[in-house]
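In: Sequence and computational prediction follow.
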Amino acid sequence: QVQLTESGGGLVQAGDSLRLSCGVSGGIFTNYAMGWFRQAPGKEREFVAAEPWFGSTTGYADSVKGRFTIHRDSGKLTLWLQMNRLTPEDTAVYFCAVVDNPRKGIIYYHPDEYDYWGQGTQVTVSS
């Protein structure tokens with residue numbers, strides 16, 4: 001059973017940075033496609049960033065491109081999301097997720113494609 005645990009959220013001011021982490025246990029870490037999503041109150045869960053299985057490409061939502069960076073540390077079994085120049089529009093609960101048995105090199109953008117999810121970590125950005 002794969003378990004994901006996010007941490008690193010908090011309350012920050014606009015323009016600040018945060019780094020979220022997602023620890024993964026169970027399964028084979030290097031065989032997953034992985035991603036970050038977020039959900040603001042009253043809104044649907046939306047794609048933020050993702051990495052494929054076996055490949056160096058990454059995918060980002062237009063709203064975070066150039067500000068957020070996704071990174072997988074296989075040695076620490078951790079997925080990171082570095083978030084810079086945060087704005088109030090980034091306020092949401094952030095979730096990490098994995099795709100089990102993914103296709104090689106494919107970035108998955110839709111939450112329905114993901115098999116396992118963490119419990120989420122709250123990020124609040126004040127203006």
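Out: Ah, there it is.

In: Can you list the residue ranges for helices in this protein?
Out: Counting by DSSP state H, no segments of the chain form helices.

In: who does the most centrally placed residue in the chain bridge with?
Out: Closest to where the C-alpha atoms of the chain average out (Cα atoms, centre = their mean) is W36, at 2.0 Å. Applying DSSP bridges to W36 gives these bridge partners: A49, C96.

In: What of V123?
Out: Assigned bridge partners for V123, using DSSP bridges, are G10, A92.

In: Is it correct that it is in contact with D16?
Out: No. Applying Cβ atoms under 8 Å, one finds V123 not in contact with D16, separated by 10.5 Å. To be clear about C-beta, it is placed using only N, CA and C from the backbone, and glycine gets the same treatment.

In: Between those two, which contacts overlap?
Out: L86 (Cβ atoms under 8 Å, 6 or more residues apart in numbering).

In: more crowded one of those two?
Out: Shown here are V123 and D16; by other Cβ atoms under 10 Å, V123 has more neighbours (22 against 14).

In: Could you measure from the more buried one over to H71?
Out: 17 Å (Cβ to Cβ, to the nearest Å).

In: Can you give me the neighbour number for the residue lying closest to A50 once chain neighbours are set aside?
Out: Excluding the flanking residues, the one nearest A50 by Cβ to Cβ, 6 or more residues apart in numbering is G35, at 3.4 Å. With neighbours defined by other Cβ under 10 Å, the count for G35 comes to 29.

In: mind listing what M83 touches?
Out: With Cβ under 8 Å, 6+ apart, M83 has these contacts: 17-20, 64, 67-68, 90, 123.
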